[in-house]
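Peer 1: Just need the structure, nothing else, for what follows:
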Amino acid sequence: MNDVHPLRSRERHSVRLGAVTVEFAITAPIFFLFLLLSFEFGWLNVMRHTADNAAYEAARRAMVPGATAADARAEANRILGIVGARGATVTVTPPSIDVDTDAVTVEVDVPMNRNGLILPRFTSATNLHSEATLRTERAN
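Peer 2: Predicted coordinates for the structure are as follows:
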């Protein structure tokens, strides 16, 4: 026969329910913090790859004959706009591209303090910098 009294079984269950509540209260904030951090650093990675791609594609746009530095800036800003990058600066060197230009360098800087996804506190001090240099296709 079963010696356990039904009341004792119920008491044991309510004590365990209290322990589960306390354990959840302790571990849930840590779990959600890690979840939010993974989203934030995933977004940082997306922004980094987008800045790299924007610099490269802008340099490709500027290396062809007849292209201008404004064309390169427009291409970089177009690509950065796809992910909604705010406050990005695009620098094209040399600022004036002519027949004698041998290479074009495009630099893209994205401040993460204006582009954080959920918790910009963790990435606000980060400034993503990407640079691409390509030789021009102009005949000398």
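Peer 1: list the helices and strands the one helix or strand D52 maps to packs on?
Peer 2: Using DSSP states H and E, the element containing D52 is helix 6-63. Applying 3 or more C-beta pairs under 8 Å, 6 or more residues apart in numbering; DSSP states H and E, one finds that helix 6-63 contacts helix 69-82, strand 89-93, strand 103-111, strand 127-135. Just so you know, the C-beta spots here come from the backbone N, C-alpha and C atoms, and that holds for glycine as well.
Peer 1: quick check: angle from the first one to helix 6-63?
Peer 2: Put simply, helix 69-82 runs at 170 degrees to helix 6-63, going by axes from the mean of the first three to the mean of the last three C-alpha atoms, to 10 degrees.
Peer 1: Which residues belonging to helix 69-82 are considered buried?
Peer 2: Buried residues in helix 69-82, counted by 16 or more other C-beta atoms under 10 Å: 69, 71-73, 75-77, 79-80.
Peer 1: re earlier: L44 is nearest to which of the helices and strands packed on helix 6-63?
Peer 2: Smallest distance to L44 across the helices and strands packed on helix 6-63 (C-beta to C-beta): 7.9 Å, for strand 127-135.
Peer 1: tilt between the helix holding D52 and strand 89-93?
Peer 2: Using the same axes, to 10 degrees: helix 6-63 against strand 89-93 is 30 degrees.
Peer 1: What angle do strand 103-111 and the helix or strand of the chain with the lowest mean pLDDT make with each other?
Peer 2: For the chain, scoring each helix and strand by mean pLDDT, DSSP states H and E identifies helix 6-63 as the least confident one, at a mean of 85. Here helix 6-63 runs at an angle of 150 degrees relative to strand 103-111 (the same axes, to 10 degrees).
Peer 1: Distance from helix 6-63 to the middle of the chain?
Peer 2: Averaged C-alpha coordinates place helix 6-63 at 16 Å from its chain's average position (C-alpha atoms, centre = their mean, to the nearest Å).
Peer 1: tell me the angle of it relative to strand 127-135?
Peer 2: Going by the same axes, to 10 degrees, helix 6-63 makes 30 degrees with strand 127-135.
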